[in-house]
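>>> Fold the following and give me the result.
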Amino acid sequence: MMNISIIIPMGPDEPLKPELVEDLMFIPAGTEIIFVAVKGTYQPEWMGTIPMHLTHLRWFWLQAEKGRATQLNKGAEFATGEYLWFLHADSRLTLANVNALQQALSTAPDHLYYFDLYFIDKCQRRLIINEWGAKFRSNVLGVPFGDQGLCIAWLHFQSIGGYRTTLAFGEDHTLVWDAKFHGIKTYPCGVKLATSACKYKQYGWGRLTLKYQLMWLKQAYELICEYKKNR
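Numbers count the residues shown, from 1 in each chain. Alright, predicted model coming up:
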């Protein structure tokens, strides 16, 4: 596999799910797995004695000031990989994800890559609409979100200034736009990356779907205006 560092930010009350840890067994030997937690959050006990089937990976537990963008930048600063693969703590990986990303990077290493969104624990069938919507937003409009497993070359990440730390939300969405403004194209890996739909179950499908759409459209408009103003 290409020289990749996997960076996973952890929220203040977000547990490290054993399912994701087990999924990482598909990752090739020597890959960095970098968890970035909020300061004061101690690493899980199992990281003191890595299970035998996971010892082929290089495990790190970092701490940073609260804020997903700050945590992601901290992970990127620490990483030594040529490429940065940003995953969420509720992502689920398969061997197909790993193979597709490896093939994509070997073919066109200068793109910003992402996967098709897939909810592994659909609480409502209406979430299929969200999956279709994410595919349209990503493949047609070229605007994937962070839960789609963004992967970008370390040098490109540095050239665009990393994640913006001054935002209240949408740091992944903004990174994509900053990449586009720097001439870095977004491109799909062509396979699904599973994530959790627990937020939709907790807050309601209609309410959360509408909220997310309004937020990203408003932010996209502001970013485009900012870009045009600074040209």
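>>> ok, and for whichever strand or helix holds residue 175, which residues are buried?
Residue 175 is part of helix 171-181 when elements are defined by DSSP states H and E. Residues of helix 171-181 classed as buried: 171, 172, 173, 174, 175, 176, 177, 178, 179, 180 (neighbour count, 16 or more other C-beta atoms under 10 Å). Heads up, the C-betas are built off the backbone N, CA and C, glycines and all.
>>> tilt between the top strand by length along the chain and helix 171-181?
Using DSSP state E to define each element, the chain has its longest strand at strand 186-195. Angle of strand 186-195 versus helix 171-181, following axes from the mean of the first three to the mean of the last three C-alpha atoms, to 10 degrees, is 160 degrees.
>>> elements contacting strand 186-195?
Counting contacts by 3 or more C-beta pairs under 8 Å, 6 or more residues apart in numbering; DSSP states H and E, strand 186-195 is packed against helix 95-107, strand 112-119, helix 127-139, helix 171-181.
>>> Distance from the third one to the middle of the chain?
The one in question is helix 127-139. Relative to its chain's centre, helix 127-139 lies at 16 Å (C-alpha atoms, centre = their mean, to the nearest Å).
>>> picking up where we left off before, which among the helices and strands packed on strand 186-195 is found nearest to residue 42?
Nearest to residue 42 among those is helix 171-181 (24.7 Å), distances taken as C-beta to C-beta.
>>> next structured bit after the longest strand of the chain?
Next helix or strand after strand 186-195 toward the C-terminus (DSSP H and E): helix 198-203.
>>> I'd like to know which elements that following helix is packed against.
In terms of contacts (3+ C-beta pairs under 8 Å, 6+ apart), helix 198-203 is packed against helix 205-230.
>>> got the buried residues for the helix it packs on?
205, 208, 209, 212, 216, 219, 220, 223.
>>> So what's the gap between the lowest-mean-pLDDT helix or strand in the chain and the chain middle?
Least confident helix or strand of the chain, by mean pLDDT, DSSP states H and E, is helix 198-203 with a mean of 87. Put simply, helix 198-203 sits 19 Å off its chain's centre (C-alpha atoms, centre = their mean).
>>> and if you look at stretch 105-124?
That offset, for stretch 105-124, works out to 9 Å (C-alpha atoms, centre = their mean).
>>> Then stretch 199-210?
How far stretch 199-210 lies from its chain's middle: 20 Å, per C-alpha atoms, centre = their mean.
>>> Please measure how far the first residue of that stretch sits from its last one.
13 Å (C-alpha to C-alpha, to the nearest Å).
>>> Could you identify which of the helices and strands packed on strand 186-195 is most buried?
Most buried of these, by mean neighbour count (mean count of other C-beta atoms under 10 Å): strand 112-119, with a mean of 24.
>>> Helix or strand: which one has the nearest residue to residue 87 once chain neighbours are set aside?
In space, and not counting its chain neighbours, residue 87 is closest to residue 8: 5.1 Å by C-beta to C-beta, 6 or more residues apart in numbering. Assigned by DSSP H and E, residue 8 belongs to strand 4-9.
>>> mind listing what's buried in stretch 67-79?
For stretch 67-79, a neighbour-count test (16+ other C-beta under 10 Å) marks 67, 68, 69, 70, 71, 72, 73, 74, 75, 76, 79 as buried.
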